[in-house]
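1. I'll drop the sequence and a predicted model, then ask my questions.
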Amino acid sequence: MYTWKSSEDLSTLRSINRGMWGINAYAQKEIKNNWVFEWNFTVHRFSSYLQIVDLNRGSKASTGYKYVFDQYQLNNLALKKFKIPNTKIAFLIGAGIGLNLLPHNSISMPENGFHFLRTKDNSGNSVPVYDISLIDSEVTINNKYSVNLISKLGLNYKISEVSSLVLFSHHGYNLAGPIMEKNLREIMYENQNFGAVHKLSPWFSFISLGYEITLK
């Protein structure tokens, strides 16, 4: 999962990711002394939204702005396997390096930007609290191709001689820095003009659950 860092110009408007999913396929070769070399290919799809946050009331609301993007990773890792004696369980820990591809996908936004009006106060009265419009914006891919450093921690539960259930936690850092930016050039908020920049953090993490088949 990636997170967004918003500029301080307008902290009321934030970027968030929702509806994330991914597919991870990999092949491993055990070398010796429980060392494993792994090649894996990962596809992730993210849906990024702009959200209005009212810190005073603790309320949040989506604006309707939606940006969908895919990410492809090809990673090479070296893992050490630790088998627990007299059990079917083994732990794996390791690290590696990978290539990252981030093609430009699609933006979905209401016609003429967005306009949002909140009509409830603390007492439930219908009063205008928010009056906000996005007039001009652009999404920029800073680095379509980049390099990741990645670590991996896993749990392997052996079902049979040739199959296992696996649970992996991945954590990484993109050496290119923020690989995507939302440049919100002109925002009208409560009769004032603002600009804001939202940057996709280079740090990421995700968890995968799967089924492993051993070929002998």
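-> That came in fine, so what should we check first?
2. identify the residues contacting S205.
-> M1, S169, H170, H171, G172 (C-beta atoms under 8 Å, 6 or more residues apart in numbering). Heads up, the C-betas are built off the backbone N, CA and C, glycines and all.
3. around I159, how many other residues sit close by?
-> 11 (other C-beta atoms under 10 Å).
4. pLDDT-wise, which helix or strand of this structure ranks last?
-> Ranked by mean pLDDT, DSSP states H and E, the weakest helix or strand in the chain is strand 114-118, scoring a mean of 51.
5. give me the sheet partners of the lengthiest strand in the chain and which way each runs.
-> Determined from DSSP state E, the single longest strand within the chain is strand 59-83. Here strand 59-83 is paired, per DSSP bridges, with strand 35-54 (antiparallel), strand 89-101 (antiparallel), strand 106-108 (antiparallel).
6. tabulate those strands (a markdown table), appending distance to V197.
-> Shown next, in a markdown table, are those (distance: least, C-beta to C-beta, whole Å):
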| stretch | distance to V197 |
| --- | --- |
| strand 35-54 | 13 |
| strand 89-101 | 21 |
| strand 106-108 | 16 |
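7. take the ones you listed and write them to TSV, including distance to N75 and mean pLDDT.
-> Output for the strands paired with strand 59-83, formatted as TSV (distance: least, C-beta to C-beta, whole Å; pLDDT from 0 to 100):
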stretch	distance to N75	mean pLDDT
strand 35-54	5	85
strand 89-101	3	95
strand 106-108	26	56
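8. how about CSV for those strands, with distance to L153 and mean neighbour count added?
-> Compiled in CSV, these are given as follows (distance: least, C-beta to C-beta, whole Å; neighbours: other C-beta atoms under 10 Å):
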stretch, distance to L153, mean neighbour count
strand 35-54, 13, 17
strand 89-101, 5, 16
strand 106-108, 34, 12
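9. one step back: quick one: buried residues of the longest strand of the chain?
-> In terms of neighbour count (16 or more other C-beta atoms under 10 Å), strand 59-83 has its buried residues at T63, Y65, K66, Y67, F69, Q71, Q73, N75, L77, L79, K81.
10. ok, and the closest non-adjacent residue to K182?
-> Of all residues not flanking K182 in the chain, H198 sits nearest, at 4.2 Å (C-beta to C-beta, 6 or more residues apart in numbering).
11. thank you, goodbye.
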